[in-house]
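Asks: please find the sequence and the predicted model below.
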Amino acid sequence: MSDLSAKKTIAIASLVAGKSKSQAAIDAGIAPRTLTRWLDDYEFKAELGRAETEILKNVFRKLSGISKKSLRELDKLLSAANQNPQITLQAIKLNLAEMRTYRELIDNSEKLEKLMEVYFEECDAEKDEKNGGKKYKKGGGSAVDELY
């Protein structure tokens, strides 16, 4: 993670672990309103997005390992004299389709993260011109604002 405070790091860890906002606030030792405010801050949202992307990558790595084992077992089954090749083929197709789905999720998460960074950099540049350098937080009803 970047140079976030310990409380923000704990809040992010709780959120990516699937805990509620209320529980994440308790874990971080902050008021729920503070967490709500942090969730409106693009730097916090970006770090939360990076943490979520990392989890997806870890899931993909595990699935890759499982898939390799599955493919080895499927190869053994396919080679067995009494195995129905149609069943094995269906299993292989299903496995490969799932791998493709997870890969697409990771790719899309990474693309979204990059788009968010560009968007917020542009917002910061616009704020610098108009307001003397104030950071963009939330507003304007952008779809990106609603991501977290």
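Replies: Looks like it came in fine.
Asks: elements contacting the longest helix anywhere in the chain?
Replies: For the chain, the helix that runs over the most residues, judged by DSSP state H, is helix 85-131. Contacts defined by 3 or more CB pairs under 8 Å, 6 or more residues apart in numbering; DSSP states H and E place helix 85-131 against helix 42-79. Every residue, glycine included, has its C-beta placed from N, CA and C.
Asks: what angle do the helix it packs on and helix 85-131 make?
Replies: Orientation of helix 42-79 against helix 85-131 (axes from the mean of the first three to the mean of the last three CA atoms, to 10 degrees) gives an angle of 170 degrees.
Asks: how about helix 42-79: buried residues?
Replies: Judged by neighbour count using 16 or more other CB atoms under 10 Å, the buried positions of helix 42-79 are 42-53, 56, 60, 63, 67, 70, 74, 77.
Asks: how about stretch 114-121?
Replies: Met116, Tyr119, Phe120.
Asks: could you pull up phi and psi at Gly29?
Replies: Phi and psi for Gly29, reported as degrees, to the nearest 10, are phi 70, psi 40.
Asks: can we start the residue count at 49 from this point?
Replies: Right, with 49 as the first residue, what we last looked at is Gly77.
Asks: quick one: it and Ala54 touch, right?
Replies: No - taking CB atoms under 8 Å as the definition, Gly77 is not a contact partner of Ala54, at 9.3 Å.
Asks: how much space between Leu137 and Leu160?
Replies: To Leu160, Leu137 is 35 Å away according to CB to CB, to the nearest Å.
Asks: cool, Lys55 as well?
Replies: For Lys55, the distance to Leu160 - CB to CB - is 26 Å.
Asks: Ser70 now?
Replies: For Ser70, the distance to Leu160 (CB to CB) stands at 26 Å.
Asks: these two: which has the busier surroundings?
Replies: Leu160 (14 against 10; other CB atoms under 10 Å).
Asks: where does the more buried one land on pLDDT?
Replies: pLDDT, Leu160: 82.
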